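Visitor: got a predicted structure plus its sequence, pasted below:
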Amino acid sequence: QVQLIESGGRPVQTGDSLTLSCVASDALSSYTVAWFRQSPGTEREFVAGHSFINTTSYSDSAKGRFTISRDNAKNTMWLKLNNLKPEDTANYLCAARLWATETPYISSYPYWGRGTQVTVSS
């Protein structure tokens, strides 16, 4: 069972950039990985996914501003956040699923980290 640990979240200003990291306890090459986010009182939402066959997908809010990447040799994935807005404030969680392409559905991911908090002030 793979364990995921996120890092990199912190308070930032509108327009700033930030890179989040997620380190896995197991080799990532067979996993599709994804980033989700959740704010208090809201549902967890898909942000970006990167499949084990190197396809990527993004939510509408992430397209053009966020970039997902991975390095299987380092068992690490990243989410680069550019031009941050207050509405991006959330706990960002990484997730993984084995031998399947990316999907925005929460229930499709059996492995989750606990998240890293990003707070964007205006």
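Guide: Yep, it's here. Bear in mind that the values here come from a model prediction, so they are computed numbers and not experimental data.
Visitor: pick out the residue nearest the middle of this protein.
Guide: Trp35 (2.2 Å; C-alpha atoms, centre = their mean).
Visitor: and stretch 30-48, how far from the chain's centre?
Guide: Average the C-alpha atoms of stretch 30-48, do the same for its chain, and the two points are 6 Å apart (C-alpha atoms, centre = their mean, to the nearest Å).
Visitor: and it, end to end?
Guide: Terminal residues of stretch 30-48 are spaced 18 Å apart (C-alpha to C-alpha, to the nearest Å).
Visitor: pull out the buried positions in it.
Guide: Along stretch 30-48, these residues count as buried under the neighbour rule (16 or more other C-beta atoms under 10 Å): Tyr31, Thr32, Val33, Ala34, Trp35, Phe36, Arg37, Arg44, Phe46, Val47, Ala48. From N, CA and C alone the C-beta is placed, and that goes for glycine too.
Visitor: now render these as JSON lines, adding distance to Ala95 and pLDDT.
Guide: Shown next, in JSON lines, are the buried residues of stretch 30-48 (distance: C-beta to C-beta, whole Å; pLDDT from 0 to 100):
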{"residue": "Tyr31", "distance to Ala95": "10", "pLDDT": "95"}
{"residue": "Thr32", "distance to Ala95": "9", "pLDDT": "95"}
{"residue": "Val33", "distance to Ala95": "7", "pLDDT": "96"}
{"residue": "Ala34", "distance to Ala95": "5", "pLDDT": "97"}
{"residue": "Trp35", "distance to Ala95": "8", "pLDDT": "98"}
{"residue": "Phe36", "distance to Ala95": "6", "pLDDT": "98"}
{"residue": "Arg37", "distance to Ala95": "11", "pLDDT": "98"}
{"residue": "Arg44", "distance to Ala95": "9", "pLDDT": "96"}
{"residue": "Phe46", "distance to Ala95": "9", "pLDDT": "98"}
{"residue": "Val47", "distance to Ala95": "10", "pLDDT": "98"}
{"residue": "Ala48", "distance to Ala95": "11", "pLDDT": "98"}
